[in-house]
Each structure stands twice: as C-alpha cells, then as structure tokens.
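> Sequence below, structure please.
(one chain, ligands or ions: 2)
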Amino acid sequence: MDRLKATARLMIVSDLDHTMVDHHDPENMSLLRFNALWEACYRNDSLLVFSTGRSPTLYKQLRKEKPMLTPDITIMSVGTEITYGTTMVPDDGWVGVLNQKWDRNIVTEEAGKFPELTLQSETEQRPHKVSFYVDKANAQNVTKVLSEIFAKRGLDVKIIYSGGMDLDILPQGAGKGQALAYLHKKFKTEGKLPANTLVCGDSGNDAELFSIPDVHGVMVSNAQEELLQWHAENAKDNPKVIHATERCAAGIIQAIGHFNLGPSASPRDITNLSDCESENVSASSEIVRFFMFYERWRRAEVENSELYLASVKADCDSSGILIHPSGTELSLCDAINGMRSYYGDKQGQKFRVWVDRVLSTQTGLDTWLVKFNKWELSAVNRVEEPLELDLLRRVTNRSTTTDLLYSDLGLESYSGIVSGATPSMHLTEFLEVVLENLCWQSGDDQQGCVITCIINMKKDGVSGATYMHVHETWLEGSGGAKDQSTWLF
Ligand code: GLC
Ligand code: MG
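Ligands and ions are numbered 1, 2, ... in the order given. Okay, the predicted model is just below:
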C-alpha cells in the first residue's frame, strides 16, 4: 500500500469480467489498449484496483488466460477479500469488520432449502460469501423470501444478483462498494485520498460502487440489465455516472476522456509512432512506444524501412549493452540490427507484446532507472487436440445448452475452466467462447521477462529517450523449455 508516497492522481476501481476483460474479444484489443495507456501515463502516480466477484482461485486463473496488468490492490469475492501489492498481502482488518451478524452455517442451511438455487463450485464458496446460480424468473422472489428468513434468524446479510444468473449472499457490511469506502477511509486517515476515483462495472454486484460519494463512474456499453435498472432507479440524475457507448475497457478509456481525468489516447491508437507529443514524453511512455513498434515490426504492421531501425538506433547509446535473458551480452545497436531479419515473422499470427508495472525512479539529472515486466504472446499450433473440443463433440448431438452439458458430463465446474461460459448458455455460443479461450488456456504460449534499464531523458525532449543499458531476466516459468530463439528483447 505504500507504493505511492504522495496522493494518487487517479484511482481506477474496475470490475474484471465483461468490464476490464471482454470475453467476446479474442484479440483482447480493448484490454491491450487500456494496458498501454495505463503504463505509459498512469502507473507511476496512480492506483489500479481490480474489484471482482471471483475468488482468489478463479482470479488467478483469469490472469493466466488474459493479458491483464498487475493491480496495486485486488478486491475479490465481491468485496469480501482485500489484498495489496504483487504478493497479495491480505487486509486482516477488513475481515474483522465482516463477522458482524454473519453466520455462514445458517446461510447455507436456509438457502439449501430452495430448489431454485444451485450451489456454485466449491472454489467460489468463501468465508464471507455463499454463492448460487438462479434464473432470472426466480431471482427476485427468492431474494425477498430469503431476506425475511435471515432477518428472522438474526442475521444481517446482503443478497446480490449479477449477470442474470449469480446470487451471492454476503454480510451486510461487505460488497464492492463497502470495500471501496473502507479503502477511501484508510487513505483519508493517511492523508492520501486519491485526487479522483473512477469506478467501472457492468453488473449487479458493481451497483454499490456507483453510490460511493465523490466517485466518477462508468457503466460499460455492454452493462447488464440489472445494473442499468439500478441506475435508472437510483442514480439517473448523477452527472458523474455515464453509460459508455464503448464495450468493456474501451468504455473505461472513454470515461477517462469524458470526465477529463487525464490523458485518454492509448499509445496503441497512435498509428505513426514517431509522431509523439513531446509534452507527454516520459521514460514510461517511451518504453510503451518502443514495444508497440516492436510488435508492429514483427507483425509487419509498419513499413519495412531502414529508416525506422535507424531512428531506434539513434535512441541507443553507442556503448549501450543489452543483456538477453539467456545471459548473452550484445551491444544495443547489434540487438536492433538483429530485428531486421524478423520483420513480419509474426504476420497474421496472434502475436502481442505488452508491458506491466513500468516503474521509473530518477537517479540523476536526466537519468532514470526503469523496471518492468514484458510479456509476449505467441500462438503456437497445438499438436494435441484440446480436451474442450473432444468434450463438445461428444455432447453437441445430445444437448443444446450448457445446463445439459453440465449434467450430462458432470461438468459443474466447467464454467470455472472456460471463462465467460455460463449456465444455460446456448451450445453454439459456448463453443465460440471455448474457441476464443483456447490459445490463452495454454500458458505455454506466454513468455515474460523482467527488464531493468537505464534511460537518459534529454532535456530538450525532442527525441525523448536514450537507452543506456538494458538487462533482462526470465520471469518465473518463462525460461526453461520455451523457444528462446525468437525472443529479441
Ligand atoms: C464471479 C464469481 C461468482 C459470483 C459472481 C457474481 O463470477 O466467481 O461466485 O457469484 O462473480 O458476483
Ligand atoms: Mg462483471
């Protein structure tokens, strides 16, 4: 929690599924656009908070499947678990708050009597969260009856319906909104209340976020009926809340622009990368810009021109060194020359490059030490047929929805395996989701390294950075048997 010495310029508190992460965008473009914007312009002085309904188990799984950034704070299990930093240190103070008028045994005992409720997978049952599936037709009535029963038994609980299918039972003091209010209070005590907070969501469990005082809010264009209805009834006249016209992370970027919270042009949207505005140049933005160029070079999305390589080389100190994660040492200019033969080698492939946690420290008048994680996703052809396809082939003749699929094959936890798969989803849609997930499912295709570099930022700001020294080390799980021959930087 002490990453920032001063007040955060912006704190983004975003839901994940169907808000930060678009499960209908196999290329993850809006997420990658957000990532580039955040790392180039916000990471150093702002806070990224993910607030998800997922348990720690399913949250970690999503991180393996999608090109997500590392948040500063992670709120999981619908605001019942708060953790800090990369090591995810739990906030024990928060757990204490949640025990009031809460008895998990009574909750499971009473809810278990309702045939309309189907218990979610074991991973999603948490100390302060009991979760079920229920269809839209029964949701309201079940919620009403259950609330009365719990009140009679002396509990003070909150029942939240999300995504037209999930029913969560939590202590009254829990929830995404309460967790945010708790964080705000904590920051205020430390004299570090963020200058602006933007909350982002798409479904029922996000509604509370929008009623926290002084926050800006965005309901992404694809928001669920239950959230839009809540908004119409409770926050219609609040000018600080918008319903974006863009889906998911693109809607978050839209809101940053709408509310004037800071820069809102993602480096991914800039077609001419040499065309950067000098006032926004920083060591971080230079890093993002370089790896954008690198991705486009290998995808053949920029012209195959010596001029580009020459301009990159002009940004390298003539005695600068690159230490490749394999341990090999070469001059920065040779490393750039090495790019020549890789022009377009990833053309038409699912090749993406993104950076995470780009943090810079000024070490001299013009010198910065920048440390970050760099990831590459390369889709490789699978030799073995994925398990998912085999399962589907066996059931598509018999079942038409995932409900039947689950019961046919005992795949109750299958929605946990395939992100975005939901109960009662039509099988054709399910198949689409499975296919979209395939290459992200195999972690083998994702390689990462930690990069530390020394960058000189010229005062005149004309060409921005000069790379002095670059040192790379494989991130855990990324070295070993992986194909390292095409890892250039
Ligand atoms: C996530 C959780 C699930 C919860 C839902 C809505 O999907 O995995 O347990 O019910 O969010 O909050
Ligand atoms: Mg969501």
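> If you drop the residues flanking it in sequence, what lies closest to the residue in the stretch 201-350 of the chain that ligand 1 sits nearest to?
Closest residue of the stretch 201-350 of the chain to ligand 1, C-beta to the nearest ligand atom: N205 (4.2 Å). For glycine as for every other residue, the C-beta is placed from the backbone atoms N, C-alpha and C. Of all residues not flanking N205 in the chain, S162 sits nearest, at 4.5 Å (C-beta to C-beta, 6 or more residues apart in numbering).
> Verify the stated contact: that neighbour with Q224.
Yes - between S162 and Q224 there is a contact under C-beta atoms under 8 Å: 7.3 Å.
> and for the two, which residues touch both?
Residues within reach of S162 and of Q224 at once, by C-beta atoms under 8 Å, 6 or more residues apart in numbering, are 203-204.
> Who has more neighbours out of those two?
In this view S162 and Q224 are compared by other C-beta atoms under 10 Å, and S162 has more residues nearby, 24 against 21.
> In contact with that one, which residues?
Contacts of S162 by C-beta under 8 Å, 6+ apart are 53, 168, 203-206, 224, 226.
> possible to save those residues as CSV with distance to ligand 2 and pLDDT?
As requested, the contacts of S162 are arranged in CSV below (distance: C-beta to the ion, whole Å; pLDDT from 0 to 100):
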residue, distance to ligand 2, pLDDT
G53, 7, 97
D168, 12, 97
S203, 5, 96
G204, 9, 95
N205, 7, 96
D206, 6, 98
Q224, 8, 95
E226, 11, 94
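> what sits against V215?
Per C-beta under 8 Å, 6+ apart, neighbours of V215: 13, 180, 197-199, 209, 240.
> let me fix that: I455
Counted by C-beta under 8 Å, 6+ apart, I455 has contacts 283, 286-287, 360, 367-368, 370, 465-468.
> The same query, at a cut-off of 7 Å, please.
283, 286, 368, 370, 465-468 (C-beta atoms under 7 Å, 6 or more residues apart in numbering).
> Distance-wise, check the residue positioned nearest the centre of the chain relative to S311.
Ranked by distance to the mean C-alpha position of the chain (C-alpha atoms, centre = their mean), the top residue is M68 at 3.9 Å. For M68, the distance to S311 (C-beta to C-beta, to the nearest Å) stands at 32 Å.
> Check D103 too.
Distance check for D103 against S311: by C-beta to C-beta, it reads 66 Å.
> for I321, same thing?
20 Å.
> The residue of the stretch 201-350 of the chain closest to ligand 1 is in contact with M76, isn't it?
No - counting by C-beta atoms under 7 Å, N205 does not reach M76; the two are 11.7 Å apart.
> V218: which element?
strand 216-219 (DSSP states H and E).
> how close does S485 sit to ligand 1?
Going from S485 to ligand 1 by C-beta to the nearest ligand atom, to the nearest Å gives 39 Å.
> And the pLDDT for that residue?
In this model, S485 is scored at 77, pLDDT.
> Quick check: it is in a helix.
No - counting by DSSP: H, G, I helix; E, B strand; the rest coil, S485 falls outside a helix, being coil.
> So E148, which state does it fall into?
Quick answer, by three-state DSSP: E148 is helix.
> What residues does the stretch 101-250 of the chain have near ligand 2?
Contact residues (C-beta under 5 Å from the ion) of the stretch 101-250 of the chain with ligand 2: 202-203.
> Show me where the stretch 101-250 of the chain has its strands.
118-119, 130-133, 157-162, 166-171, 196-201, 216-219, 241-243 (DSSP state E, counting those that start in this stretch).
> Out of these, the one nearest T143 is which?
strand 157-162 (4.8 Å; C-beta to C-beta).
> which residue does the stretch 251-400 of the chain bring closest to ligand 2?
Taking C-beta to the ion as the measure, the stretch 251-400 of the chain has G251 as its residue closest to ligand 2, at 12.1 Å.
> Now for A255: which residues touch it?
Contacts of A255 (C-beta under 7 Å, 6+ apart): 198, 216, 218, 242, 244.
> Tabulate those in a markdown table, adding columns for neighbour count.
Formatted as a markdown table, these follow (neighbours: other C-beta atoms under 10 Å):
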| residue | neighbour count |
| --- | --- |
| L198 | 24 |
| H216 | 23 |
| V218 | 29 |
| I242 | 17 |
| A244 | 20 |
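> For these, give me CSV that also has pLDDT.
Shown next, in CSV, are the contacts of A255 (pLDDT from 0 to 100):
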residue, pLDDT
L198, 98
H216, 98
V218, 98
I242, 98
A244, 98
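> Just name the closest of those to ligand 2, please.
V218 (12.7 Å).
> For the protein, which helix or strand comes out least confident on mean pLDDT?
Ranked by mean pLDDT, DSSP states H and E, the weakest helix or strand in the chain is helix 414-417, scoring a mean of 48.
> so who does I454 touch?
367, 369, 468-469.
> Could you do K136 as well?
K136 touches G164, counting by C-beta under 7 Å, 6+ apart.
> Roughly how far does it sit from A111?
18 Å.
> ditto for H18
In terms of C-beta to C-beta, H18 sits 25 Å off from A111.
> show me where pLDDT drops low in this protein?
Residue ranges of the chain with pLDDT under 70: 1, 273-280, 380-420, 422-424, 428, 434-444, 459-463, 477, 479-483.
> Quick one: name the residues of it near ligand 1.
Counting by C-beta under 6 Å from any ligand atom, the chain comes close to ligand 1 at 53-54, 58, 78, 120, 124, 131, 162, 166, 168, 205.
> Output stretch 92-111 as CSV, nothing but the C-alphas.
Output of stretch 92-111 as CSV, limited to C-alpha atoms (Å, rounded to 0.1, in the frame of the first residue of the first chain):
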residue,chain,number,x,y,z
ASP,A,92,-6.9,-8.6,8.1
GLY,A,93,-8.7,-5.5,9.4
TRP,A,94,-11.3,-5.9,6.7
VAL,A,95,-12.1,-9.5,7.6
GLY,A,96,-12.8,-8.4,11.2
VAL,A,97,-15.5,-6.0,10.0
LEU,A,98,-17.3,-8.7,8.2
ASN,A,99,-18.0,-11.0,11.1
GLN,A,100,-20.8,-8.9,12.5
LYS,A,101,-24.2,-10.6,12.4
TRP,A,102,-22.9,-13.2,10.0
ASP,A,103,-23.2,-17.0,10.4
ARG,A,104,-22.2,-19.0,7.4
ASN,A,105,-23.8,-22.2,8.6
ILE,A,106,-27.2,-20.5,8.9
VAL,A,107,-26.9,-19.1,5.4
THR,A,108,-26.1,-22.4,3.8
GLU,A,109,-28.7,-24.2,5.9
GLU,A,110,-31.6,-21.9,4.9
ALA,A,111,-30.5,-21.3,1.3
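> Alright, I will stop here.
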